[in-house]
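Undergrad: Any chance you could fold what I've pasted below:
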Amino acid sequence: MTFSPTTHGSHYRPDIDGLRAIAVLAVIFFHLNKALIPGGFVGVDIFFVISGFLISLNILQDLERGKFSIVDFYRRRVKRIALPMLIVVGVTLVAAQILLLPEDAKRTAISALWSLLSMANVYFWLNLDTSYFAAATAETPLLHLWSLGVEEQFYIIWPLLLGVIYRPSRAMWLCVAATAVALASFLLGQFLFSRDPSFVYYMLPTRAGELLLGAIAALAVLKGYKLPSAMVTATAASGLLLLVGSLYLLSEQQVFPGLLAIPPTLGTALLIMAGHSRDNLVSRALAWRPLVSIGLISYSAYLWHWPLLAFYRYGHQSVGVLAGTVILASTLSLAWLTYRFVEHLARASKASSIWIFLQQYLIPAGALACLALGAWKIDGFGLRWQSNDYKTNLTALRQETRPAYSYDYVCQRQRITPADAQDERCMTGSKPSGTQAILWGDSNAAHYVGMISVFAAKEGFQFRNLEIGACPPLLGDASEFVSAKRLADCRDSANIMWQTVEQFHIVMISANWSAYQEHSDAFLDRFFDTARSLAKDGRLVILIGKAPTIPDFDRRCREKALSYPFLNCQFQSVPLSDEVGKINAKLREFAKNTANVGYFDVAPYLCNDGLCSAFDPQGRPRYYDPDHLSMTASWELGNDIWQREGVPSPFNLIANWSNTGKAAGQSPVVAN
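TA: As a prediction, this is how the structure comes out:
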């Protein structure tokens, strides 16, 4: 991204540096704690508009004077962005080889190679695992360089295109064409999001509109257009309102970018135009010296903040207040040092184009490429993780914490197909004449398959399991309760799922109840309607509560501790969260007051005196991640419960339900 404090051949705009400060602080605070600024990710979009404005204005001014040179353009680009980026990539690459597990260090090395070619966005689009159980993207040290890739790809095309098509007399036509392409870019993001959200997020075609909005503002400035004096303050206020509203009203759960990218980017363009047109209160506020000071170092701050956060989260998961304060202070300190001793000196260089390319990009990038290739191809230089004992222990540790979805008898899918509903592998338990029950839900249902299988074998029933990742078990549309990224899969699976569920007399249901309730307070009411519709026909409906969550649990902690300094893997027991306790209580109360509905809660078996642990009494991990039991632990939990009390209610009603429930026309209240 472009963070140059001046525009080539034009007057300095301190209000733009103030905008940069808002953008970088929004991004940093969002990454520290998303609750602070839910829409802080739009800081990147603010940067894109600023970049489109400044760089396009430079190019257009040179074209008007007949002095535009593509070589000189790229010379200036290298001077502005190359060395700080290369330093951060180099430091990150070396740190990754020291701190990260081999597979993670290798991935960092590969992403470094793509980043050196301004292709990080393409790499992450093609290779970043964004599935529900993927390793946290917040632990990927060079992920933030996707934005530099987008921008540099734009500046391969844009100056060449302007050089061919721009004529001073055709500025209006260029403005109309840029507006049309920008709108098409936003619409493309909206249209493609359900099909490929990663492409929409990381790739140029769906981000180009943001850069073009800045270019449109540059055309207006170039041609001397200024807002009428009566409109300046209102325009500035409107721009600020759009910007602030976006920072606090947008969230990651929505379709973005797309049409929702228009408010923050349009707001930024309006603020740029208001500041150009006339002095106003908002622009004066943006030119406040402390903001300007942060804006000047914003490029380096953006570069440094993410690797610092990623390495910290790799070992410690969440960022507390103290750690966040230290990381923020470290980011700003490193940014100031980089700005003062790298950015400033690089931009001041008077060397020829060839020497700029060699000294500030080709030679250091070549050295880093060799380092990255070595790290990728020879396993962190062959210095770690080579003993057979380690490899044996590593295999055992990973087997111990395997998740439900990795077993072929667990039918957890991203999208359900008719074949999934008939898959014989997804039936477990005893072998009666026919399948009697189904387990329905999301991944929070799938991790109970082992436990219920124990009950099924002991009680003499068989059940099918069918789960859709991050999709609520509802009759009807679930759009209120799921993220935009999952909506298409949830909708496409809904009819198949419901038609399958209706075939069974016994329906067991579990889900990440609290997550859907966070999306909308209407969730439980909608779900209870679904449960009633099943139970009213004489079906037995068994609701299973949410398992306790163990914040900061990391199944790979013991592996990481071999290289990550001062890492403590002795997780303390934590209280049952209010969120889980309250949602489970509501499920229990609903079951208590609804005929043919039972409830089962695993929390008492995983918690003692209100304290819940990720480990069993023998010190073995029970969890795969903070929210999900491992499948090994699920089976062990089922056996432990059975040994304590036999098959618990209401599962002990399943085997005979067809004779005592629906077939007999009875509607007993199930014990809880």
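
Undergrad: for this protein, what's the longest helix?
TA: Criterion DSSP state H: the longest helix present in the chain is helix 70-99.

Undergrad: Report all helices and strands that that one contacts.
TA: Counting contacts by 3 or more C-beta pairs under 8 Å, 6 or more residues apart in numbering; DSSP states H and E, helix 70-99 is packed against helix 43-65, helix 102-116, helix 146-165, helix 298-316, helix 344-348, helix 353-357, helix 363-377. Yep, even glycine has a C-beta here, placed from its N, CA and C like the rest.

Undergrad: how about 7 Å then?
TA: helix 102-116, helix 146-165, helix 298-316, helix 344-348, helix 353-357, helix 363-377 (3 or more C-beta pairs under 7 Å, 6 or more residues apart in numbering; DSSP states H and E).

Undergrad: Could you pull out the buried residues of that helix?
TA: Residues of helix 70-99 classed as buried: 73-90, 92-93, 95-97, 99 (neighbour count, 16 or more other C-beta atoms under 10 Å).

Undergrad: Now do the closest residue in space to His519 that isn't next to it in sequence: how many residues are near it, please.
TA: Counting by C-beta to C-beta, 6 or more residues apart in numbering, Phe481 is the residue found nearest to His519 once chain neighbours are left out, at 4.5 Å. Here the count is done by other C-beta atoms under 10 Å, and Phe481 has 25 residues near it.

Undergrad: pretty sure Phe481 contacts Phe523?
TA: Yes. With contact defined as C-beta atoms under 7 Å, Phe481 counts as touching Phe523 (5.1 Å).

Undergrad: if we can go back for a sec, so for the longest helix of the chain, mean pLDDT?
TA: Average pLDDT, helix 70-99: 96.

Undergrad: How about the contacts made by Gln153?
TA: Ser118, Leu204 (C-beta atoms under 7 Å, 6 or more residues apart in numbering).

Undergrad: let's go with 10 Å and repeat that
TA: Contacts for Gln153 (C-beta atoms under 10 Å, 6 or more residues apart in numbering) come out as Ser118, Met119, Asn121, Val122, Met203, Leu204, Pro205, Arg207, Ala208.

Undergrad: from the residues you listed, which single one is nearest Tyr155?
TA: Checking the contacts of Gln153 against Tyr155 with C-beta to C-beta, the nearest one is Ser118 at 9.2 Å.

Undergrad: First-to-last residue distance for stretch 547-559?
TA: End-to-end distance for stretch 547-559: 25 Å, by C-alpha to C-alpha, to the nearest Å.

Undergrad: now stretch 124-142
TA: 10 Å.

Undergrad: wait, isn't Lys592 in contact with Pro650?
TA: No. The pair Lys592 and Pro650 does not pass the contact test of C-beta atoms under 10 Å, sitting 11.6 Å apart.

Undergrad: mind checking the longest strand of this protein?
TA: strand 462-468 (DSSP state E).

Undergrad: Output it as CSV, nothing but the C-alphas.
TA: Extracted C-alpha coordinates of strand 462-468, given in CSV (Å, rounded to 0.1, in the frame of the first residue of the first chain):
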residue,chain,number,x,y,z
GLN,A,462,-28.5,-47.6,15.8
PHE,A,463,-28.2,-44.1,14.5
ARG,A,464,-27.2,-42.1,11.5
ASN,A,465,-25.2,-38.9,11.9
LEU,A,466,-25.4,-36.0,9.4
GLU,A,467,-23.9,-32.6,10.2
ILE,A,468,-23.4,-29.4,8.3
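
Undergrad: Mind giving me the packing neighbours of it?
TA: Counting contacts by 3 or more C-beta pairs under 10 Å, 6 or more residues apart in numbering; DSSP states H and E, strand 462-468 is packed against strand 412-413, helix 418-422, strand 427-429, strand 437-441, helix 443-446, helix 449-459, helix 484-501, strand 506-510.

Undergrad: average pLDDT across it?
TA: 96.

Undergrad: who does it pair up with?
TA: Note on strand 462-468: by DSSP bridges, its sheet partners are strand 412-413 (parallel), strand 427-429 (antiparallel), strand 437-441 (parallel).

Undergrad: Lowest average confidence across the ones you listed, which one?
TA: Ranked by mean pLDDT, the strands paired with strand 462-468 bottom out at strand 427-429, with a mean of 91.

Undergrad: Pull out the buried positions in that one.
TA: Going by neighbour count (16+ other C-beta under 10 Å), the buried part of strand 427-429 is Met427, Thr428, Gly429.

Undergrad: And for stretch 59-72?
TA: Using 16+ other C-beta under 10 Å as the test for burial, stretch 59-72 gives Ile59, Leu60, Gln61, Asp62, Leu63, Glu64, Phe68.

Undergrad: now swap in stretch 591-601 and tell me
TA: For stretch 591-601, using 16+ other C-beta under 10 Å, the buried residues are Ala591, Thr594, Asn596, Val597, Gly598, Tyr599, Phe600, Asp601.

Undergrad: pretty sure the second one is in a strand, no?
TA: No. Following the definition DSSP: H, G, I helix; E, B strand; the rest coil, Thr594 is coil and is not counted among the residues of a strand.

Undergrad: Might one say that it is in contact with Asp529?
TA: No. Taking contacts as C-beta under 10 Å, Thr594 lies outside contact range of Asp529: 11.1 Å.

Undergrad: Which residue, other than its chain neighbours, is closest to the spatially most central residue of the chain?
TA: With distances taken as C-alpha atoms, centre = their mean, the chain has Thr137 as the residue nearest its mean C-alpha position (6.5 Å). Once flanking residues are discounted, Thr137 sits nearest to Leu143: 6.0 Å by C-beta to C-beta, 6+ apart.

Undergrad: The one you found: neighbouring residues, count only.
TA: Neighbour tally, Leu143, other C-beta under 10 Å: 22.

Undergrad: Tell me who's in contact with it.
TA: Going by C-beta under 10 Å, 6+ apart, Leu143 touches 108, 111, 115, 120-121, 123-124, 128, 137, 202, 306-307, 310.

Undergrad: where does the stretch 51-200 of the chain have low pLDDT?
TA: 130-135 (pLDDT under 70).

Undergrad: how about 90 then?
TA: Along the stretch 51-200 of the chain, the model assigns pLDDT under 90 to residues 101-103, 128-138, 168-171.
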